[in-house]
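J.: Kindly return the folded structure for what I paste below:
(chains A and B)
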Amino acid sequence: MTLLEAFTRRTFGHGVHAPEHKELTRERPIRRFAFAPRLAVPLSQHIGKPAVPCVRPGQEVGRGEPIAQADGFLSLPIHAPATGVVEAIRLIPSARGPKTEAIVIKTYAADDQQVLYGTPRVIEELAAADLIRAIQDIGLAGQGGAAFPTHAKLASAREHHVETLIVNGCECEPYQTTDHRLMLEWVDDLIAGIHFALAASGARRAIIGVEDNKPDAIDTLRRRLTADGPIAVAAVKTKYPQGSAELLIKVLLKREVPSGGRSYDVGAVVQNIATLVMLGRLLPPGQGLIERVVTITGEGVKQPGNYLVPFGTPLGFVLEQVGFVGDMSRVILGGPMMGTAVSSLDVPVTKATTAIVVLPVKSSTAGAPKIYPCIRCGRCIAACPLRLNPSQLGLLAVKREYQTMQDHFHLNDCFECGSCTYVCPAHIPLVQYMRIAKALNREQAA
Amino acid sequence: MAGPPRIEIRSSPHIHDPVSVDAIMRHVVYALVPICVFAVYLFGLSAAALIITVLGACLLTEHLFNRFAQKPNSLGDFSAAITGLLLALTLPPGFPLWMGATAGFIAIALGKVMFGGLGQNVFNPALVGRAFAQAAFPVAITSWSTALAPWRFSALIPSTLTPPFMLPATGTAGPGATVDAVSSATPLTLQKFDHVTTNTVDLFTGMTSGSTGETAALLILLCGAYLALRRMLDWRIPAGMLGSAAALAGVFYLIEPAKYPDPLFTLFSGGLMLGAVFMATDVVASPLTPRGVWIYGALIGVLTVLIRLFGGLPEGVMYAILIGNAASPLIAVLTQPRAFGEVNRKKPT
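T.: Sure thing, here's the model as predicted:
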């Protein structure tokens, strides 16, 4: 990096620098993961209405065959992740807590697991509406963790006449290397996907924002792209949570998404790297989204790596395959800053699973750390990327003044990145307070 | 192979910055140790006895209140220790020990416990203790001893061992009946009432009389820099405070150099340095908004100079910081930062 670049690196105010731990998996190429003997494929792996099953128990399904249909526009179909037989449609544990309905498929061990289903299309000939329907048909949901239906996002972008497609290659969560490997290994799919997304959203240009801890990915992309094309690459400073859509837009376009607004309001639509890779990979053959690249990592696993894992693979099977250390762990879906520690190893990998981080827990450190009173040191304020006042919000939460938090202290702007809690020397679970306050306010309003 | 691992459930984030309240407080204590050592070097056994007594009184008070209120022991967070050390450092070295212990009790009881303990105090507890001492023992708290007295390691300053509830005898001579150098005016008193200015280098290195731990400007700055580098001290508060004090003092000095002290004297004399680095930066009693800390620091600096130059007392740091503490909730409310994406809700028609 040149000296000039070092001083002009693009970044946002506040945020935190957490140890990255990406070296565990950064150099490991994407490998296919084994098929579990049983896959439990949830009907709701996306934001919106759950899919409606179109198979019955006892029915044979082929890999890639639709097994559940979208229920309306804000919904997605589900495809069989493996050839096998439908065993049951029943409730299984989910990452978020409540049980969720899933199609359980017993996989055929002897099958070669080729994808047999697809409706190939010539993308260039499709009208915008058909293109968006085609994207819905492949069941694509945002792969950055939120799992918002991709077609719906692109359709809204078109409605709002956005001009810029922001491609989120920040991957700011510690431990995660999924997007990094995809940019290196599946760059052609990525670029094809960006072109499809541009066509579907009507945006004129795309900017790929990549954190500067991935110089090899930035190089690969720059070599592949022409300077005068519609796609540009921008290096941004490595800082958590740069990968949040608002902050990436702020850094790349110098525009702030208004409070309570959407990225469309400032003329942008944000898509994650893995989403666009899958778009570029699956749209031409018209195949369903049945697997994704997941970083399986953490000090608690013996063989960390980036694996292509079929949806429905239970975490217990994943841990068995990669091996685990010690007898007690925290198993986190997503990154260690925002991810959810699961309560059951029957929870499956879904469209929203970016990473599985296994952190060993020593029995000496098990249990909550000592919580001190807030000493008003202001570290949380210096960390909050949205310039909120987590200290004040925390004090109000303790007094249960949830409505004041919302009315006067921007509670609903908080996207729960966890920076305040990460830095709090008093170990106050600030972000947990925010979640509780938001949930209770929602209940109150309903 | 053993069965699947037991799993622990916890809310995110699952990693944490390796910092905690007790670690921060412990480092403040570390940073105060060199200043205490220098104070003992300067003033001898009396300073050591005072520091130990006040510290002990603070810790004991906190412990007893915890016992009475059936709360868990909070001495481990080191905040009472900081209060004790800071309070001792602001008292004159020959301050009677019983008065020091009383001030320590008041600091913790009135300054901290009464408000609800750590994190709740409105004022810096050490300064509450000192303000009490200033009001209750006005003579003792302005009786200064000479620095570097030759007998300082062999005998106590006579006033140190004044029996409880007694005032120190006035006019007592030092050990060996030499009249020299038991009492001595501080540079600030000399400047204010006699218009004698002390050498700036002596002020900077601390070789003057004054409160136990306030004299060594250089040492205090170094200790503060250590904390600031560890991000355990908000450098903006001392910067704002010293900057505004120097600027205002500079204005007066330019107007009438014969009457007013120069800015360097203002910075390095009295308790300004100790106050700026260790007192005003009490995280609990200072505002925590980015603009607020600057305003808070500047306010204290200005008040200090105004009290020194136009008030009845030679020193104004203590009251300036207490006023700043009182103002900090208001400052915090007035300087809430603009949140990301916050807009004046004017919908375009």
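
J.: in the helix of greatest length in chain B, what's buried?
T.: Longest helix in chain B by number of residues (criterion: DSSP state H): helix B:45-69. By 16 or more other CB atoms under 10 Å in any protein chain shown, the buried positions in helix B:45-69 come out as B:45-51, B:53-55, B:57-62, B:65-66. All C-beta spots, glycine's among them, are computed from the backbone N, C-alpha and C.

J.: any idea how far it is from the chain center?
T.: Relative to the centre of its chain, helix B:45-69 is centred 17 Å away, using CA atoms, centre = their mean, to the nearest Å.

J.: Show me what it is packed up against.
T.: Contact here means 3 or more CB pairs under 8 Å, 6 or more residues apart in numbering or on different chains; DSSP states H and E; on that basis helix B:45-69 packs against helix B:21-43, helix B:79-90, helix B:97-111.

J.: deepest of the ones you listed, which one?
T.: helix B:79-90 (a mean of 28; mean count of other CB atoms under 10 Å in any protein chain shown).

J.: so what secondary structure elements neighbour it?
T.: Helices and strands touching helix B:79-90, by 3+ CB pairs under 8 Å, 6+ apart, are helix B:21-43, helix B:45-69, helix B:97-111, helix B:125-136, helix B:272-274.

J.: Wondering if stretch A:381-389 reaches chain B at all.
T.: Yes. If you take CB under 8 Å from any CB of the partner chain as the test, stretch A:381-389 does meet chain B, through A:381-382, A:385-389.

J.: Would you mind checking those for buried ones?
T.: So, by 16+ other CB under 10 Å, the buried ones in those are A:381-382, A:385-389.

J.: Of those residues, which belong to helices?
T.: Per DSSP H, the subset of these in helices is A:381-382.

J.: Save the buried ones among the residues of stretch A:381-389 next to chain B as CSV, and put in pLDDT too.
T.: Below are those laid out as CSV (pLDDT from 0 to 100):
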residue, pLDDT
A:Ile381, 92
A:Ala382, 91
A:Pro385, 94
A:Leu386, 93
A:Arg387, 92
A:Leu388, 92
A:Asn389, 92
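
J.: Pick the one among the buried ones among the residues of stretch A:381-389 next to chain B closest to A:Ile166.
T.: Comparing these against A:Ile166 with CB to CB places A:Pro385 closest, at 16.5 Å.

J.: To A:Thr226, which of the helices and strands packed on helix B:45-69 lies closest?
T.: A:Thr226 lies closest to helix B:21-43 among these, at 52.6 Å (CB to CB).

J.: what does stretch B:323-343 rub up against?
T.: Here stretch B:323-343 makes contact (CB atoms under 8 Å, 6 or more residues apart in numbering or on different chains) with A:246, A:250, A:256-261, A:381, A:385-389, A:410, A:413, B:122-124, B:127, B:280, B:282, B:285-292, B:295-296, B:299-300, B:303.

J.: Just the CA atoms of it, as CSV, please.
T.: Taking Å, rounded to 0.1, in the frame of the first residue of the first chain, the C-alpha atoms of stretch B:323-343 are listed here in CSV:
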residue,chain,number,x,y,z
ILE,B,323,-18.6,23.1,39.8
GLY,B,324,-17.6,21.3,36.6
ASN,B,325,-18.8,18.0,38.1
ALA,B,326,-22.1,19.6,39.0
ALA,B,327,-22.4,21.0,35.4
SER,B,328,-21.5,17.7,33.7
PRO,B,329,-25.0,16.2,33.5
LEU,B,330,-26.3,19.4,31.9
ILE,B,331,-23.3,19.5,29.5
ALA,B,332,-24.0,15.8,28.6
VAL,B,333,-27.6,16.6,27.8
LEU,B,334,-26.8,19.6,25.7
THR,B,335,-24.1,17.9,23.7
GLN,B,336,-25.8,14.6,22.7
PRO,B,337,-24.1,13.8,19.4
ARG,B,338,-26.2,13.7,16.2
ALA,B,339,-27.0,10.1,15.6
PHE,B,340,-26.2,8.5,12.3
GLY,B,341,-28.8,9.3,9.7
GLU,B,342,-30.7,11.7,12.0
VAL,B,343,-32.6,14.2,10.0
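
J.: any idea of the mean pLDDT for that stretch?
T.: What stretch B:323-343 shows for mean pLDDT is 89.

J.: For it, which residues meet the burial criterion?
T.: B:323-325, B:327-328, B:331-332, B:335-337, B:339-342.

J.: show me where the stretch 251-400 of chain A has helices.
T.: A:273-282, A:315-322, A:379-383, A:390-398 (DSSP state H, counting those that start in this stretch).

J.: Could I get the contacting residues of the nearest residue to A:Cys54 once chain neighbours are set aside?
T.: For A:Cys54, ignoring the flanking residues on the chain, the nearest one in space by CB to CB, 6 or more residues apart in numbering or on different chains is A:Gln69 at 5.4 Å. By CB under 8 Å, 6+ apart, the contact list for A:Gln69 reads A:51-52, A:54, A:77.
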